Each structure stands twice: as structure tokens, then as C-alpha cells.
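Trainee: pasting the sequence and the predicted coordinates here, then a few questions.
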Amino acid sequence: MNALLRHASTWLAALLLLLLANAWWSGQGYLSSAVLQEWATVMRYAAGHGSYREFLSSYPPLAFLLNVLLGVPLHWLSSLPTPLLLASMLSAGLLALWRAQLLRAGWSGMASALAVLLVLINPLFLYLLSAGISAILLLGALYWFAAAFCASHRHGRVSDLMSLALSLVCLVFVHPFGQLFALVALPFLVLVLPQALLARSVFNSLLVLLFPLLFSILSFVYVVGMFDEAPASFLAAALQHPPLQPAALSASHTHGGAGSLALGLALGVLPSAWLILRRPPAHARRAVLLLILMCVLAAALQLCIQASQQAWSPGLGEALIALAPCMGVLLALLRDWPLSRLAFSAALAVLLASLLLAGLGLLQLGTGEAARWRDAGLGRGIPPAESASIALGKWLAQHTDILLDAQAHPALLAARGGARGLIVPGDEAFSVLLLGQAPQARFVVLPDPLSAAGEDQLNQRFPEFYLHGMPGYHLEYETYGWRVYERNPSITTAP
């Protein structure tokens, strides 16, 4: 009972601190693009605008289902965006679980509490928290994978190998970065399989380990295939949407991307590979070096994807953002830290050093999602475009019968505060509109086609609507890259 109360108090204390942190960033006007998308999804489903196709085929499925199934009920109880509330609850649960395992490993109550506090105030951890449910699930999946990898390397028990296999499934289906990490980890899995199994058949041994992952991928492909012509497209999610750093960077990082990436990769991989080769297969530190190597390779692969889409050279801040999910690996390694007073001090020093390094790296960021998060945390203002979206959302809250591509513009839906009274993708009226019918809604919301938000379904269907309007509609509202046209009830638009 005492242990249960201690774990519950840890969870509650962590939850309160995380909610305060989220309230600060939300109060400064910052919501990440991932949280806006998750929150808009909750609002659409709460207003009855969801669809079976989206519910069954959205990627990542675990984060999407958790967001909808828990977010919709909580939506009526919380003033904080429900994705942030759920992310805070999951983060607090992970920290409470980690502290419980530290105590079980021999850590003192004070040392374990201090370790949890150092993780909780780490800028990278708080940044992941602000990135929503999917990012926190990714953190937990990496923690699970690292713990199972170390246990499999140390003991090679069947239960450890099955835990490792299931953690791979969780990685792939919680976040696009999980795909990258699982892909990088595949060649290293052979190093944790028992030698007796490998002596019989390497292929069969790997097949047993990878069967849950292959079965899950094929099952999801089958489900998506019922609604989509490209059912395996989710496997390229990490290529289509680089995780955790979706926005453009500053002009100071626009040259020499390939050379810097190659140098960073060499600096990270070559020493780790050399140390691994020097260790005997059964050496306990070999698993630690292998996990560090996986983190470096996965982060480098993510940076390479970003560099291929926009010419820039990553600095310390960008590299740390790419490595941020690997905090889950760090927590798992610290959990298995050797027991001694000096080791406890060294573990806390590692956490403190990571905190200071994260703060230094974030200060060097130019522009982008993480830079906006940093500026909001320091109490700075938000860009005019975001202010315009908030103002438009509040204006839309006073009206109904509005045609809007809510999936492309979740910030408007979040600022409006709900999806009732909207015609959005997934509704029959919206689908009929895309097939050729003229709009009949009272209001039509359109972004500037030349702006970053201009590529939505309405602009694609009516490319001249934003600039020249449409018969039967007049311009009612205009602000920083947005126009709202209102239909004149006395005029009927031609079909």
C-alpha cells in the first residue's frame, strides 16, 4: 500500500507540474502543429464530423485512437487542449513508472525524486510534451525498446525477446520517427538473439523476433487497403512528414547540409562502432553502445530526410531536436545504472548535463517549430500570421453554416473552439462539393493560394474563388492571408 501511494503521489506531482508548463505555453499562444491537428480531430469527432475511413486508416493508429477515444470524453471537462492533457497524463505515468523501477533497482527516495525532477524540467522533455500524444507515446516506446533490448542482450530469455518484438510494433505505429528507429535497429537485433538459436538458423530466429511486426504491418495494410488505393503509403510517413521539426529553418542554415551531415554521422558512428567491436559479445556495456549507435543513426537519418527536402545545414539545436525522442533510451539506460554512491552521482550528472546542453542548443535555433516553442517559453509574442488565424477563428465562432477544410487548417478550428456548424472533410456535403457541385454554405473560408496554408481542398476545387470570388458571394471578412465569402441569400448559385 505504501508503494502504491508513493507511485500515485509521484504521478500526481508530475502531472501538476506538467499541466502548469502546458498552461504557460498555451497562455503564450503556442500550440504545436501536431497538437493543433490532434485537437482539431477531437473537435470534429465530438461534433459528429468523423468518418469510419479516417478512424480505421489514420496513421499513426495508436496515437489517433487514443486521442479520439479518450480525447472526446475529456473534451467536455478540460479547458486545456485535450491532447496536451492526455500527453501530460502519459508523461506523468512514464515518470512514475521510471521512479518505481529506480527504487526497485536500489536508488534512494531522494535520489530518484531528484532524477525525475531533472528529467521533468529538461527542455527536450518539455518540447516532446508540447508535441502531443504521439511524441509522448514515442518516448515511452523507445523506453520500452531500450529496456527490452538490454534485457535480451543480458539474459536472452523468451519473455525478454517477446517484449522486444512487441516494442518494435509499438515503435512503428506510434510516430513516424519510430519507423526510422525500427529500420535502423533491424540489423542490430541479431546481436541480442541467443547464440544457440543463431547456430540453428539466423533467418528463422529473426523471423520469430520480427513476426509480430510483420503481422501488424500487413494487417494495417489490409485495413487501409479497403479505403485507399495506396495502402502501404503510411510506411513512407517519415519521408513525407519529417518528424518533430516540420517548419523551415533560418537562412543562416542554408548551405553545406550534406557535408555537415556526413561529418556528424562519422563523428557519432565511427567511435561507437570501434568501441562495440572491442567489447566481447556478452559484455554488459555492449548493449549500451549499440543503443547509442542506433540513436545517432536514427537522428542522422531524420536530418538527412530534412536536408533532402530543404537545403540547410543542421546546428547543435537541430541535432538535439532530432535526438529528443531518444531520451526514452537514456531513461532506460539510467534505470540499469550500476549500484554505487559514485554511480548515482554520475547518473544525476548525466541528467544535469543533458539539461544544460538542451538549453544551450535551443538558444541557437533560428526559426521553426522548436524556435517558436522556445520563444513562447521565454514569454515572447507569436507571429502575425498566427494572430490572424486566432482572430479569424474567434470571428468564425460567432457564425454557423461555414465551409472549411478543417483538416488543412486545424489552427482555425482550435481558435473557434469547436466544429459544430461547420461543413468539413468527411461530411457528405463536402464530398459532393468536391465532385462538382457549387458551394451552398453561407460562409466559405479560403486561405491565400500563394501562402503556406494555401494548398487545401477548396482552393484546389475553386482556384479562382479566393482572388475573384464567385457569383452569389461577396467578401465579408479579410485578414492576413485569409478571406471569408458570404452568400447572398437572395441569389442562388448555379450548379
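Mentor: Thanks, I have the structure now.
Trainee: CA atoms for contacts and neighbours, from now on please.
Mentor: Will do.
Trainee: tell me the domain ranges of this structure?
Mentor: 2-30+80-377, 384-487 (automatic domain parsing).
Trainee: out of those, which comes closest to Gln37?
Mentor: Gln37 sits nearest to domain 384-487 of all those, at 5.4 Å, using Cα to Cα.
Trainee: need the helices for the stretch 251-400 of the chain, in chain order.
Mentor: Secondary structure of the stretch 251-400 of the chain (DSSP state H, counting those that start in this stretch): helices at 257-278, 284-309, 316-323, 327-335, 341-363, 369-377, 384-396.
Trainee: who wins for proximity to Ala115 among these?
Mentor: Of all the helices of the stretch 251-400 of the chain, helix 341-363 comes closest under Cα to Cα, at 6.2 Å.
Trainee: so which elements touch that closest one?
Mentor: Counting contacts by 3 or more Cα pairs under 8 Å, 6 or more residues apart in numbering; DSSP states H and E, helix 341-363 packs against helix 109-120, helix 123-130, helix 316-323, helix 369-377.
Trainee: redo those as JSON lines? Include mean neighbour count.
Mentor: What follows is these, written out as JSON lines (neighbours: other Cα atoms under 10 Å):
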{"stretch": "helix 109-120", "mean neighbour count": "18"}
{"stretch": "helix 123-130", "mean neighbour count": "24"}
{"stretch": "helix 316-323", "mean neighbour count": "21"}
{"stretch": "helix 369-377", "mean neighbour count": "21"}
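Trainee: reformat the ones you listed as a markdown table; add distance to Ala146 and mean pLDDT.
Mentor: Output for the helices and strands packed on helix 341-363, formatted as a markdown table (distance: least, Cα to Cα, whole Å; pLDDT from 0 to 100):
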| stretch | distance to Ala146 | mean pLDDT |
| --- | --- | --- |
| helix 109-120 | 17 | 91 |
| helix 123-130 | 17 | 92 |
| helix 316-323 | 15 | 79 |
| helix 369-377 | 26 | 84 |
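Trainee: hey, where'd the strands end up in the stretch 351-495 of the chain?
Mentor: Assigned by DSSP state E, counting those that start in this stretch, the stretch 351-495 of the chain shows strands spanning 402-403, 422-423, 443-447, 473-479, 482-487.
Trainee: same list, those strands, but as CSV with mean pLDDT and distance to Asp228 please.
Mentor: Below are those laid out as CSV (pLDDT from 0 to 100; distance: least, Cα to Cα, whole Å):
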stretch, mean pLDDT, distance to Asp228
strand 402-403, 90, 25
strand 422-423, 88, 23
strand 443-447, 90, 27
strand 473-479, 88, 35
strand 482-487, 89, 31
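Trainee: out of these, which gets nearest to Phe462?
Mentor: Ranking the strands of the stretch 351-495 of the chain by proximity to Phe462 (Cα to Cα) places strand 443-447 first, at 9.8 Å.
Trainee: picking up where we left off before, redo the domains of the chain as a markdown table? Include distance to Met43.
Mentor: Listed next are the domains of the chain as a markdown table, based on distance: least, Cα to Cα, whole Å:
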| stretch | distance to Met43 |
| --- | --- |
| domain 2-30+80-377 | 10 |
| domain 384-487 | 5 |
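Trainee: can you flag the weakest of those domains by average pLDDT?
Mentor: Confidence, taken as mean pLDDT, is least for domain 2-30+80-377 of the domains of the chain (a mean of 80).
Trainee: end to end, how far does that one reach?
Mentor: Terminal residues of domain 2-30+80-377 lie 37 Å apart, using Cα to Cα, to the nearest Å.
Trainee: try stretch 322-333
Mentor: End-to-end span of stretch 322-333 (Cα to Cα): 19 Å.
Trainee: go ahead and name everything in contact with that stretch.
Mentor: 98, 124-125, 128, 135, 138-147, 244-245, 288, 291, 295-296, 299-300, 302-303 (Cα atoms under 8 Å, 6 or more residues apart in numbering).
Trainee: only whichever of these are buried, select them in ChimeraX.
Mentor: Those of the contacts of stretch 322-333 that count as buried under 16 or more other Cα atoms under 10 Å are selected in ChimeraX with:
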select :98,124,125,128,135,138,139,140,141,142,143,144,145,146,147,244,245,288,291,295,296,299,300,302,303
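Trainee: just the CA coordinates of the host helix or strand of Asp160, formatted as CSV?
Mentor: Assessed by DSSP states H and E, Asp160 sits inside helix 158-172. Coordinates of each C-alpha in helix 158-172 appear next as CSV, following Å, rounded to 0.1, in the frame of the first residue of the first chain:
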residue,chain,number,x,y,z
VAL,A,158,12.0,-15.8,-24.2
SER,A,159,10.0,-13.2,-22.3
ASP,A,160,12.6,-10.6,-23.0
LEU,A,161,12.7,-11.4,-26.7
MET,A,162,8.9,-11.2,-26.9
SER,A,163,8.9,-7.9,-25.1
LEU,A,164,11.5,-6.6,-27.7
ALA,A,165,9.3,-7.8,-30.6
LEU,A,166,6.2,-6.1,-29.2
SER,A,167,8.2,-2.9,-28.6
LEU,A,168,9.1,-2.8,-32.3
VAL,A,169,5.4,-2.9,-33.2
CYS,A,170,4.7,-0.1,-30.8
LEU,A,171,7.6,2.0,-32.3
VAL,A,172,6.3,1.7,-35.8
